[in-house]
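Novice: just coords:
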């Protein structure tokens, strides 16, 4: 494997607000806790993690006695990871255009940490993303999507 290009994060990193400047996300959702990127030929590989804890205010109304992380937030986690990894030289982020497939296999509860492993391939001006999400080694989601700059 080769080191990540300058538009992707080199190696392991924990995002903070200064590095995310100019990238808009679904407030108050911080969709990634850590991210690693690498380049393998023409493919960008992303490995991101997110732990769901009781401090997250957006979970309060989603089954308060039995909190389950909503599937749409898993999509947001992927969108933030791709935006962070593929941001352009001026800090602009690609936008999610389409989710062509979203399959959810297992619920994610408070205290769970998911891993998002995605492969990004450039197709013309688009980025095609195939992502597989796991928690403790168990499959919890599979997402296929398309991103583009300036969408």
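Specialist: Structure's in. What do you need? Note that the coordinates shown come from a computational prediction; the quantities given were computed from them, not determined experimentally.

Novice: rest of the way, CA atoms for contacts and neighbours
Specialist: Noted.

Novice: that's a helix at residue 106, yeah?
Specialist: No: under the criterion used here (DSSP: H, G, I helix; E, B strand; the rest coil), residue 106 is coil, not part of a helix.

Novice: contacting residues around it?
Specialist: Listed by Cα atoms under 8 Å, 6 or more residues apart in numbering, the contact set of residue 106 reads 139, 140, 141.

Novice: from these, which land in strands?
Specialist: Cross-referencing those against strands under DSSP state E gives 139, 140, 141.

Novice: wait, doesn't the last one sit right on residue 118?
Specialist: By that I understand residue 141. No: between residue 141 and residue 118 there is no contact under Cα atoms under 8 Å: 11.6 Å.

Novice: overlap of the contact sets of those two?
Specialist: With Cα under 8 Å, 6+ apart as the test, residue 141 and residue 118 both reach residue 132.

Novice: okay, these two: which has more neighbours?
Specialist: residue 118 (25 against 22; other Cα atoms under 10 Å).

Novice: relative to residue 67, how far out is that one?
Specialist: 26 Å (Cα to Cα, to the nearest Å).

Novice: would you turn the contacts of residue 106 into JSON lines with pLDDT and distance to residue 129?
Specialist: Output for these, formatted as JSON lines (pLDDT from 0 to 100; distance: Cα to Cα, whole Å):
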{"residue": "139", "pLDDT": "97", "distance to residue 129": "17"}
{"residue": "140", "pLDDT": "96", "distance to residue 129": "17"}
{"residue": "141", "pLDDT": "97", "distance to residue 129": "14"}
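
Novice: tell me which of these is nearest to residue 82?
Specialist: Using Cα to Cα, residue 141 is the member of the contacts of residue 106 that lies nearest residue 82, at 16.3 Å.

Novice: where does the prediction get shaky in the chain?
Specialist: When residues are selected by pLDDT under 70, those of the chain lie in 1-29, 54-64, 89-90, 151.

Novice: got the buried residues for stretch 127-137?
Specialist: Buried residues in stretch 127-137, counted by 16 or more other Cα atoms under 10 Å: 127, 128, 129, 130, 131, 132, 133, 134, 135.

Novice: distance from the helix or strand containing the fifth one to the middle of the chain?
Specialist: In the assignment (DSSP states H and E), residue 131 maps to strand 126-135. Taking Cα atoms, centre = their mean, to the nearest Å, one finds strand 126-135 lying 8 Å from the centre of the chain it belongs to.
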